[in-house]
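Let's see this in three dimensions:
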Amino acid sequence: MPDTLSRFLGGLQKNVSLKKYTTFRIGGNAKYFFIARTIPLVIKAIKVARDLRTPFFILGGGSNLVVSDKGFSGLVVHIQTKKYRIEAGKFFCEAGVSMATLVKETGKRGLSGFEWAGGLPGSVGGAIRGNAGAFKGEIKDNILWVIALDKKGREKLFLRNRCKFSYRSSLFKEKGLVILSAAFSLKKGNKRAIQSIAADHIAYRKERHPLEYPNAGSVFKNCDLKKFSLALQKKLQPAVKIDPFPVVPTAYLNDQAGLKGVRQNAIQVSVKHPNCMVNLGKGKAKDVILLMQKVKKIIKKKFGVELEQEIEFVE
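Here you go, the predicted model:
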């Protein structure tokens, strides 16, 4: 099979460590690794993998991921498609464009809509897939359309109302569709104000998030207020925020439960942001799993709610 893959995919690499390609710096090797810098190459790599019945995984910016210590036994397609253009208040881009580029390029043109995403890591494709959100905004708010590959390898256009966006999810995540490109609608605004808000959010993340350590961002989703008992809903009211519906931040729950700084070998619940786990050095995926289980058990016992994971496991 390796010879066959190599014959169809020029530049195919073998046994590539995935640690350096994820923000958590955790994980084993990809058996096969292919960097796709154009959309036709993304399509070709997926077709080859499917034709040869080789498992494949699409890797974007590498945030929000925990890769198994054993690595991935199939083909990792690393999307680095980075073309974009801005026309008539619309932002058209390929899936590999970074969220940082989206925020910067729209902001400096005085286009409003992505101030909330200042400091958000990862790629546009990943953000759409997981309907990324922060500061009362979500990626779905400005989507016009998304082009993705269906299960048969056909390119399909999905208008916003067909994307089935929900809290940290979408049709693309639920069905395993590969996002290729997207378009966003923006509004003309005050350039200085737009850039200032984005800069404030970037500064907030630097201050409140453990960026000094490798991490995968928020480990668990925030908790829907309705899932708590009525007595707890009243007690937790001061901590409630809109995201985009009333939620209790999991960071707050973990803090109240005394979980800051709790460790499982080299993996630690961040002292700075207790819904993040940090890799203190040579962290293992198995320790992330064990620490997550411990956190879930403690929160369930103290607050009566089941935490839902936000990060994705690759194995």
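
For residue 306, which non-adjacent residue is closest in space?
residue 300 (5.9 Å; C-beta to C-beta, 6 or more residues apart in numbering). Backbone N, C-alpha and C define where each C-beta goes, glycine included.

My reading is that the one you found lies in a strand. Confirm?
No: using DSSP: H, G, I helix; E, B strand; the rest coil, the secondary structure at residue 300 is helix, not a strand.

can I assume it is in contact with residue 293?
No: if you go by C-beta atoms under 8 Å, residue 300 and residue 293 don't touch, sitting 10.6 Å apart.

For residue 24, give its distance to residue 69.
12 Å (C-beta to C-beta, to the nearest Å).

Actually, residue 62.
From residue 62 over to residue 69 (counting by C-beta to C-beta), the distance is 16 Å.

again with residue 195
42 Å.

Could you do residue 305 as well?
In terms of C-beta to C-beta, residue 305 sits 29 Å off from residue 69.

between residue 62 and residue 69, which one's more packed in?
residue 62 (22 against 16; other C-beta atoms under 10 Å).

Ramachandran coordinates for the more buried one?
Dihedral pair for residue 62: phi 80, psi 10, per degrees, to the nearest 10.

what about the closest residue to it other than its chain neighbours, how many neighbours?
Leaving aside its sequence neighbours, residue 62 sits nearest to residue 22 (C-beta to C-beta, 6+ apart; 4.0 Å). When counting by other C-beta under 10 Å, one arrives at 21 neighbours for residue 22.

what's the average pLDDT for stretch 210-217?
Computed over stretch 210-217, the mean pLDDT rounds to 96.

List the buried residues in it.
210-211, 213-217 (16 or more other C-beta atoms under 10 Å).

beta partners for residue 143?
Beta-bridge pairing of residue 143 under DSSP bridges involves residue 184.

OK, contacts around it?
128, 160, 163, 165, 182-184 (C-beta atoms under 8 Å, 6 or more residues apart in numbering).

who touches the spatially most central residue of the chain in this structure?
Closest to where the C-alpha atoms of the chain average out (C-alpha atoms, centre = their mean) is residue 64, at 4.5 Å. If you count contacts by C-beta under 8 Å, 6+ apart, residue 64 has them with 122, 126, 130, 216-217, 310-312.

Same question for residue 304.
Residue 304 neighbours (C-beta under 8 Å, 6+ apart): 228-229, 232.

Equivalent analysis for residue 101, please.
Applying C-beta under 8 Å, 6+ apart to residue 101 gives the contacts 82, 84.

Surely it forms part of a strand?
No: going by three-state DSSP, the assignment for residue 101 is helix, not a strand.

Quickly note the distance from it to residue 84.
Taken as C-beta to C-beta, the span from residue 101 to residue 84 is 7 Å.

do you know how far residue 301 is from residue 295?
Following C-beta to C-beta, the distance that separates residue 301 from residue 295 is 11 Å.

which of the two has more neighbours?
residue 295 (24 against 9).

unless I'm mixing things up, that one is touching residue 269, no?
Yes: using C-beta under 8 Å, residue 295 is in contact with residue 269, at 6.8 Å.

Residues in contact with both of these two, list them for me.
254, 259, 262.
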